[in-house]
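> Need a 3D model of the sequence below.
(chains A, B, C and D)
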There are 2 protein chains.
Amino acid sequence: MERSPITRRSRGTGRVRIEDVARAAGVSTQTVSRFLRAPAQVGPEASARIAAAILEVGYVPNLVAGSLASNRSRIVAIIVPTLANPVHAQPVQGLSDALRPQGFQVLVGTTDFQAETEAALIHAFIGRRVDGLAVTGGSFAEPSRQLLEAAGTPVVQLWELPEQPFDMTVGLSNAAIGARMAAHFAERGYRSLAVIGHAEASDTRSAGRVTGYCAEAKRLGLADPLVLLPQRPMLIRDATPLLDRLVIQGVEAVFCTSSQLSVVLLLNTRRLGLAIPSDLAIGGIDSDFATLVDPAITAIRVPAYDVGLKAGRLLLRRLAGEPVPERRIDTGFTFIQRGST
Amino acid sequence: MERSPITRRSRGTGRVRIEDVARAAGVSTQTVSRFLRAPAQVGPEASARIAAAILEVGYVPNLVAGSLASNRSRIVAIIVPTLANPVHAQPVQGLSDALRPQGFQVLVGTTDFQAETEAALIHAFIGRRVDGLAVTGGSFAEPSRQLLEAAGTPVVQLWELPEQPFDMTVGLSNAAIGARMAAHFAERGYRSLAVIGHAEASDTRSAGRVTGYCAEAKRLGLADPLVLLPQRPMLIRDATPLLDRLVIQGVEAVFCTSSQLSVVLLLNTRRLGLAIPSDLAIGGIDSDFATLVDPAITAIRVPAYDVGLKAGRLLLRRLAGEPVPERRIDTGFTFIQRGST
DNA sequence: TTGAAAGCGCTAACAA
DNA sequence: TTGTTAGCGCTTTCAA
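A predicted model of the protein is given here:
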């Protein structure tokens, strides 16, 4: 029960601590802490001395220690499949923009579509005691699901609208996107429809769009659309055989469920001498390039940035203890008719 | 000096702690801690009991407490202008991929090109005691510069090759990019050159390319290139007047310093009836769309992903205490000739 | 408005 | 290989 001898090496980091500021300012550490977190509670004289002392000694508060003591990290984590795809990078930007003014930082994890990586990230983020967590998708495989259920922190899901989110969700209906495009085609008088999607099973967004598209076609009394699901992401060399099939089958209008797809397709039609939209109408998902090609592509714009921004605002309300009016937020989407249909 | 009365409310978070695991496994907390960090140092029997106990009580280690105690956060921060632009989102992905296998997480901050935001982010990240910091750019305005100098943690700069980096840098020479394109044009016999850049002063990358391009043209005995610096990011409606100027001035080859620029320009030449490359040769920066247009665009590919990946590896070596052979890493770039020149 | 004491949950240092 | 002890640098609680 003796005090350890003074010879014990200090574990200190050698950095300037709040105590150094307190000493320089002639106040207690507590007053410095308050000055930093709630300046209004500190007298003007003390405030002035503390402000000067902070600059003098070059104090940068240790937020790790603060987080441990307060049990609040002021960090929000977001998990996306990849940042290489702008559609997933944008929500990170939106989240960041929503949170930065409130002093929150963004921890980002990319899964590369691997469920294992996803689970490991969720585990690590919960371990970091993040104040909030944004995850991509509406449904999760087992290890992830359980972790999210017991996260102990607000969770917001992105892009989809599950009936029973873990906590909150910000997304849109991919089925509605597909249906909207099918309805448009029908309205324009196209009778023979097709859709080009994505075979990747993990891409539930594309699957939802295909489903909604076909369902709407059926509802409108059209023949079942031709469904094409290329294995790989669309490359130029894939486009020609795909176009051949569309032409052979007498397809009048095709919906491409990803943004690059429609541009690739349209640029290739020219080489084959197809006239757009008279020989083939093309609808897609909006991107910068949808308006750069000729004709510009009729497209549905998905509000990727807004998904992140609104998720951030939702988290902020929760973290501020305010009630969240609606735990499922439908951002909707924008239909933009252009020359290709 | 009395113990405070037992009535003092506990500040505990109610979460499962390492102590709960230790009790369930019948070992000390230290042994549990070691099991998590250095399993080889723990006996097989104890290991088995601890592993079972962790699952039983559902323990998720509090990494905040661990960080405070060990003075290592296993977090690396990266600051980029925006994630909306893939050229800046890619390095984040690369950094993340390099670090994740080692258990590091990525804290990301976006500046939207605001120096103030940048400084605030650097300050906050240092406060978080990140183990490493990656920042975009070669030179920094005052508050940021000083913070980086005294960061107290490894710093790697991205995209540029300053003579005196704060610590380390991974980048490429934008002047070399410009020079390479000018040399190519000269080699192909184009005599009257132009370059379209970006007026934004903060875009030092574009500026470097323009400078290198003009310098090389001069060195090769060509007339001074026409330098066009549109104020805004390039839109379709900006392209036509720009093209008019090129034609009026008799320009034979133009270098576009950003990736979207060249595509926009090329897609517009068709409307004006210009033949590429005979009426006008176009060189640019590579992107997915450079090969989708007709003719495909001769372009320089900048290794955005690699910049982040190599920065991550550099940081890892430093954090592992290994020597870093070279503090300035030139990633180089790839020149790809296609039909547009 | 200010300060003293205790402790957040973990790991480093030391000892056995 | 395991355990004991004392912090890491803050913030909370309580008291003045």
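
> Quick check: pLDDT value at the residue of the stretch 51-200 of chain A at minimum distance from DNA strand D.
As assessed by Cβ to the nearest atom of the strand, DNA strand D sits closest to residue A:69 within the stretch 51-200 of chain A, at 2.9 Å. The C-beta positions use only the backbone N, C-alpha and C, and glycine is treated the same way. Here the pLDDT value assigned to residue A:69 is 95.

> which secondary structure elements does whichever helix or strand it is part of contact?
Here residue A:69, judged by DSSP states H and E, is contained in helix A:63-70. Contact partners of helix A:63-70 among helices and strands, from 3 or more Cβ pairs under 8 Å, 6 or more residues apart in numbering or on different chains; DSSP states H and E: helix B:63-70.

> List the contacts of the helix holding residue A:69.
For helix A:63-70, the surrounding residues in contact (Cβ atoms under 8 Å, 6 or more residues apart in numbering or on different chains) are A:73-75, A:129, B:62, B:64-65, B:67-68, B:73, B:124, B:127-129.

> ok, now which ones touch residue A:11?
Neighbours of residue A:11 in contact, by Cβ under 8 Å, 6+ apart: residue B:71.

> where does it land in three-state SS?
Secondary structure state of residue A:11, per DSSP: H, G, I helix; E, B strand; the rest coil, is coil.

> how much space is there between it and DNA strand C?
5 Å (Cβ to the nearest atom of the strand, to the nearest Å).

> How much space separates that residue from DNA strand D?
Taken as Cβ to the nearest atom of the strand, the span from residue A:11 to DNA strand D is 4 Å.

> My guess is residue A:274 contacts residue A:280. True?
Yes. In this structure, residue A:274 is within contact of residue A:280 by Cβ atoms under 8 Å, at 5.5 Å.

> any idea which residue sits dead centre in chain A?
Nearest to the mean C-alpha position of chain A, by Cα atoms, centre = their mean, lies residue A:91 at 3.6 Å.

> Please report the distance of the residue nearest to it when sequence neighbours are not counted from DNA strand D.
Counting by Cβ to Cβ, 6 or more residues apart in numbering or on different chains, residue A:91 lies nearest to residue A:308, which is 3.1 Å off, once chain neighbours are set aside. For residue A:308, the distance to DNA strand D (Cβ to the nearest atom of the strand) stands at 28 Å.

> For the helix or strand in which residue A:308 is found, which outside residues touch it?
According to DSSP H and E, residue A:308 maps onto helix A:304-319. Defining contact as Cβ under 8 Å, 6+ apart, one finds that helix A:304-319 is touched by A:76, A:78, A:86-88, A:90-99, A:102, A:104, A:131-132, A:134, A:154, A:156, A:158-159, A:168, A:170-172, A:323-324, A:329, A:331, B:84.

> Helix or strand: which one has the residue lying closest to residue A:39 once chain neighbours are set aside?
Spatial nearest neighbour of residue A:39, excluding adjacent residues (Cβ to Cβ, 6+ apart): residue A:47 at 6.4 Å. Using DSSP H and E, residue A:47 sits in helix A:44-57.

> Any part of that helix near DNA strand D?
No. Counting by Cβ under 7 Å from any atom of the strand, DNA strand D is not contacted by helix A:44-57; separation bottoms out at 10.7 Å.

> Just list what that helix packs against, helices and strands only.
Using 3+ Cβ pairs under 8 Å, 6+ apart: helix A:44-57 touches helix A:18-25, helix A:29-37.

> thinking again about what came up before, quick one: name whatever helix or strand follows the helix holding residue A:69.
Downstream of helix A:63-70 (by DSSP H and E), the next one is strand A:75-80.

> Could you spell out the sheet neighbours of that next one, each with its direction?
Taking DSSP bridges as the criterion, strand A:75-80 forms sheet pairs with strand A:105-110 (parallel), strand A:132-136 (parallel).

> pull the CA atoms of the longest one into PDB?
Spelled out, that is strand A:105-110. Taking C-alpha atoms only, strand A:105-110 is exported to PDB below (Å, rounded to 0.1, in the frame of the first residue of the first chain):
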ATOM      1  CA  GLN A 105     -15.900  14.500 -37.300                       C
ATOM      2  CA  VAL A 106     -16.500  11.700 -39.800                       C
ATOM      3  CA  LEU A 107     -14.900   8.300 -39.600                       C
ATOM      4  CA  VAL A 108     -15.300   6.500 -42.900                       C
ATOM      5  CA  GLY A 109     -15.100   2.800 -43.600                       C
ATOM      6  CA  THR A 110     -15.300   1.100 -47.000                       C
END
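
> Which SSE is immediately downstream of it?
Criterion used, DSSP H and E; the element after strand A:105-110 is helix A:115-127.

> For that following helix, give the mean pLDDT please.
Here the average pLDDT along helix A:115-127 is 96.

> Packing partners of that helix?
Applying 3+ Cβ pairs under 8 Å, 6+ apart, we find helix A:115-127 packed against strand A:75-80, strand A:105-110, strand A:132-136, helix A:142-149.

> Let's see that with 6 Å instead.
Applying 3 or more Cβ pairs under 6 Å, 6 or more residues apart in numbering or on different chains; DSSP states H and E, one finds that helix A:115-127 makes contact with helix A:142-149.

> what's the spacing between the helix it packs on and its chain's center?
With Cα atoms, centre = their mean, to the nearest Å as the basis, helix A:142-149 stands 19 Å off its chain's centre.

> What residues of it count as buried?
A:144, A:147, A:148 (16 or more other Cβ atoms under 10 Å in any protein chain shown).

> And chain B, is it touching that?
No. Judged by Cβ under 6 Å from any Cβ of the partner chain, helix A:142-149 stays clear of chain B, getting no closer than 8.3 Å.

> partners of the helix or strand following that helix in the sheet?
Downstream of helix A:142-149, the next assigned helix or strand under DSSP H and E is strand A:155-159. When pairs are called by DSSP bridges, strand A:155-159 turns out to pair with strand A:132-136 (parallel), strand A:168-171 (parallel).

> Would you mind giving the ones you listed as a markdown table with mean neighbour count and mean pLDDT added?
A markdown table is the format used below for the strands paired with strand A:155-159 (neighbours: other Cβ atoms under 10 Å in any protein chain shown; pLDDT from 0 to 100):
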| stretch | mean neighbour count | mean pLDDT |
| --- | --- | --- |
| strand A:132-136 | 27 | 97 |
| strand A:168-171 | 26 | 98 |
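
> Reformat the ones you listed as JSON lines; add distance to residue A:39.
Shown next, in JSON lines, are these (distance: least, Cβ to Cβ, whole Å):
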{"stretch": "strand A:132-136", "distance to residue A:39": "25"}
{"stretch": "strand A:168-171", "distance to residue A:39": "32"}
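
> Write out the residues of chain A neighbouring chain B.
By Cβ under 6 Å from any Cβ, the part of chain A that sits against chain B consists of A:13, A:60-61, A:63-65, A:67-68, A:71, A:83-84, A:86, A:89, A:92-93, A:96, A:105-108, A:110, A:126-129, A:267, A:292.
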